[in-house]
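Student: Just to be clear, the model below is a prediction. Sequence and coordinates:
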Amino acid sequence: MADMTKMTSIEQLNSAVEATEDQPLLLFKHSTRCPISANAYQEMNDYLQNSPSEQVKYGIIYVVEDRPVSNEAADKLGVKHESPQVILVKKGIPVWHTSHSNITSTTITNALRES
């Protein structure tokens, strides 16, 4: 099973995005106050438990608790904030993203296979 690294500072986010020069990052933006996000979180965990790509790093931003990090991710990556949301970053550039009920173990698997 792969783990998601909790992004709690802008510096940590910036380092993770810089590291995508060598290894892609799948960033999950999660709201602890939203039932749709709770479902997406479960789908993300199902993916990580069953068939995670070992070629990818995984990060999570709690959008309520770490709002500055969430805002920085939207600004830095140029992807309009949504919650829940997943963003695949390669070489510092978002190459795929989706949100809400489109976040499933299957869509994540397919996106990582195709990228």
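Tutor: Thanks, I have it.
Student: How about the backbone phi and psi for Asn102?
Tutor: Backbone torsions of Asn102, given as degrees, to the nearest 10, read phi -80, psi -10.
Student: tell me the SS of the most centrally placed residue in the chain?
Tutor: Ranked by distance to the mean C-alpha position of the chain (C-alpha atoms, centre = their mean), the top residue is Leu27 at 1.7 Å. Under the three-state scheme (DSSP: H, G, I helix; E, B strand; the rest coil), Leu27 adopts strand.
Student: Repeat that for Ala2.
Tutor: With three-state DSSP as the basis, Ala2 sits in coil.
Student: count of neighbours near it?
Tutor: 14 (other C-beta atoms under 10 Å). In short, each C-beta sits where N, CA and C put it, glycine included.
Student: what ranges do the helices span in the protein?
Tutor: Listed in chain order, the helices of the chain (DSSP state H) span residues 10-18, 35-50, 67-77, 105-114.
Student: what's the closest of the ones you listed to Ile93?
Tutor: helix 67-77 (7.9 Å; C-beta to C-beta).
Student: Could you give the separation of the closest one from the chain centroid?
Tutor: Relative to its chain's centre, helix 67-77 lies at 12 Å (C-alpha atoms, centre = their mean, to the nearest Å).
Student: So for it, mean pLDDT?
Tutor: Average pLDDT, helix 67-77: 97.
Student: how about it as CSV, C-alpha atoms only?
Tutor: Extracted as CSV, the C-alpha positions of helix 67-77 are listed here (Å, rounded to 0.1, in the frame of the first residue of the first chain):
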residue,chain,number,x,y,z
ARG,A,67,-6.2,26.6,3.6
PRO,A,68,-2.9,28.5,2.6
VAL,A,69,-1.4,25.3,1.2
SER,A,70,-4.6,24.6,-0.7
ASN,A,71,-4.7,28.1,-2.1
GLU,A,72,-1.0,28.0,-3.1
ALA,A,73,-1.6,24.7,-4.9
ALA,A,74,-4.4,26.3,-7.0
ASP,A,75,-2.2,29.4,-7.7
LYS,A,76,1.1,27.5,-8.4
LEU,A,77,-0.5,24.8,-10.6
